[in-house]
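> return atomic coordinates for the entry below.
(chains A, B, C and D)
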Number of protein chains: 2
Amino acid sequence: MHSFTEENYLKAIFKLSKGKSEVSTNAVAEEMETKASSVTDMLKRLADKKLVNYAPYKGVSLTEEGKKIAISIIRKHRLWEVFLVDKLDFKWDEVHDIAEQLEHIQSAELVERLDLFLENPKYDPHGDPIPDKDGNIARHKELTLADLNIRDKGVVVGVKEHSKSFLNYLDQLELVLGTVVDVIDKVEFDNSMTLKINEKVDTTISNQASKNLYIKKIN
Amino acid sequence: MHSFTEENYLKAIFKLSKGKSEVSTNAVAEEMETKASSVTDMLKRLADKKLVNYAPYKGVSLTEEGKKIAISIIRKHRLWEVFLVDKLDFKWDEVHDIAEQLEHIQSAELVERLDLFLENPKYDPHGDPIPDKDGNIARHKELTLADLNIRDKGVVVGVKEHSKSFLNYLDQLELVLGTVVDVIDKVEFDNSMTLKINEKVDTTISNQASKNLYIKKIN
DNA sequence: TAATATTTTTAGACTTATCTAAAAATATAT
DNA sequence: ATATATTTTTAGATAAGTCTAAAAATATTA
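Just a heads-up that it's a prediction; the model follows:
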């Protein structure tokens, strides 16, 4: 099997691979909160194990096997988050660190039984899609609240940013998954928006916030 | 915090401390399936961290802090076993290896919420008592099936031996937790017993088996 | 109690994962 | 296109945890 550290590197490389075909050593170092020299060492080891394609100075990418492992870890992470929120009543801003540990538990049987117990959820508590057993991931709708115009209506379906402070802020605004929002006004200058949330009070939010909320348009 | 390995050593020393005040290096080595020299190294490290009392050639014992950690790991192990059996429908012979991983997840909040979710179970699927939040452990009733005499009646409340083969054997006999047994006959020569199980067929079991079943006498 | 056997510790080496400092390669800018 | 800046890799060290082989301490037995 692979060490937790190896799994975390694979996950980091997967995350950074969105769009690009190669990921830089420095990018991995930043994501892993470690030094570039440590990354180089690890990339060599992962390349020896055929989990990544790596050529000195040329960046890194996942092999099929490496990708498979990364996705299985993401599947476990997101299923455990559903468990923590749905069954143990944790709030969505409290589950990340625990899921970060649980994602490394090794047992295919456990994952499948957990999936069944949770009734095969398709999304985690932040609206991120849960990869299926075969590693297929539903692509995220890329529409954000910032893309809506005045008089558009939508439902919050996910968050792009997972920080505690952002999630807490959303809780306060009652702007959580499933919330219906109405765009009342949009300021051209800074793209801030005034919203009707859940048919209730009007609230103004920044572009910084609105572009981190995934939306499904309605009407 | 402590590494998984350190936690496993503490757990092993705790387990071996039943009765004795000092545990030998070799005993720990056998329990941990490693070499005595590795154990010596680790005992020095644990002593540095004040988790064990260790003097060369004199054996090892847990400090209060070491004991606290060992018990918290046992609490987590047994709670997770209840989760696996009660919620995910694993069989009692399938949960040990997975709980062995889950017991190292670090989050006091998680443990307390899990405990609540499982409705504060007092025993795990093998009948072993679950330490409470403060580290108190109900002592196991030391009565085994082998201690019963002809015409005695009892309920199976736990197993002393946790091997897959023994647990499978018990499943086949329908001799699981909560099963009522009637001692029909007892052979003086080898202490084998003939039982009426659940008011049904008579079965004969060896002393080797009966002394590994904890019983609560009834009537 | 002296000889032998067993247990435990030490010495030195290996692996994984990390680091700092310096060298090498690549990218940028005048 | 040459100098400068940035990125990446190498070299050498450190820490945790393991091992084998040898030495030291303790226990057993004649």
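
> residue A:157 belongs to a strand?
Yes: according to DSSP: H, G, I helix; E, B strand; the rest coil, the state of residue A:157 is that of a strand.

> give me every residue in chain A lying close to DNA strand C.
Neighbours of DNA strand C within chain A, by CB under 7 Å from any atom of the strand: A:3, A:5-6, A:32, A:34-35, A:37-38, A:41-42, A:45, A:57. For every residue, glycine as well, the C-beta is placed using N, CA and C.

> between these, which has the most around it?
Among those, the one with the most neighbours (other CB atoms under 10 Å in any protein chain shown) is residue A:42, at 22 neighbours.

> number of nearby residues for the closest residue to residue A:169 other than its chain neighbours?
Of all residues not flanking residue A:169 in the chain, residue A:209 sits nearest, at 7.3 Å (CB to CB, 6 or more residues apart in numbering or on different chains). Counted with other CB under 10 Å, the neighbours of residue A:209 add up to 19.

> isn't residue A:209 right next to residue A:166, touching?
Yes: in this structure, residue A:209 is within contact of residue A:166 by CB atoms under 8 Å, at 7.4 Å.

> which residues touch the helix or strand the residue nearest to residue A:169 falls within?
Assessed by DSSP states H and E, residue A:209 sits inside helix A:207-210. With contact meaning CB atoms under 8 Å, 6 or more residues apart in numbering or on different chains, helix A:207-210 is reached by A:144-146, A:166, A:169, A:190-193.

> let's see it at 10 Å
Contact with helix A:207-210 is made by A:144-148, A:161, A:166, A:169-170, A:173, A:175, A:181, A:183, A:186-187, A:190-193, A:195, as judged by CB atoms under 10 Å, 6 or more residues apart in numbering or on different chains.

> pull the distance from stretch A:25-45 to the chain's centre.
Chain-centre distance of stretch A:25-45: 21 Å, with CA atoms, centre = their mean, to the nearest Å.

> close to chain B, is that stretch?
No: Stretch A:25-45 lies apart from chain B when judged by CB under 10 Å from any CB of the partner chain; the minimum separation is 17.2 Å.

> quick one: contacts of that stretch?
Counting by CB under 10 Å, 6+ apart, A:3, A:5-6, A:8-9, A:11-13, A:15-17, A:20, A:23-24, A:51-60 sit against stretch A:25-45.

> would you write a PyMOL line that selects the buried entries of those residues?
Of those, the buried ones can be selected in PyMOL as follows, counting by 16 or more other CB atoms under 10 Å in any protein chain shown:
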select buried, chain A and resi 6+8+9+11+12+13+16+17+23+24+51+52+53+54+59+60
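
> out of the contacts of stretch A:25-45, who's near DNA strand D?
Answer for the contacts of stretch A:25-45 near DNA strand D (CB under 7 Å from any atom of the strand): A:24, A:54, A:56-59.

> show me what contacts the most centrally placed residue in chain A?
Nearest to the mean C-alpha position of chain A, by CA atoms, centre = their mean, lies residue A:128 at 5.4 Å. Each residue near residue A:128 by CB under 10 Å, 6+ apart is listed here: A:74, A:77-78, A:81, A:137-138, A:140, A:158-160, A:162, A:214.

> inside helices: which ones of the residues you listed?
A:74, A:77-78, A:81 (DSSP state H).
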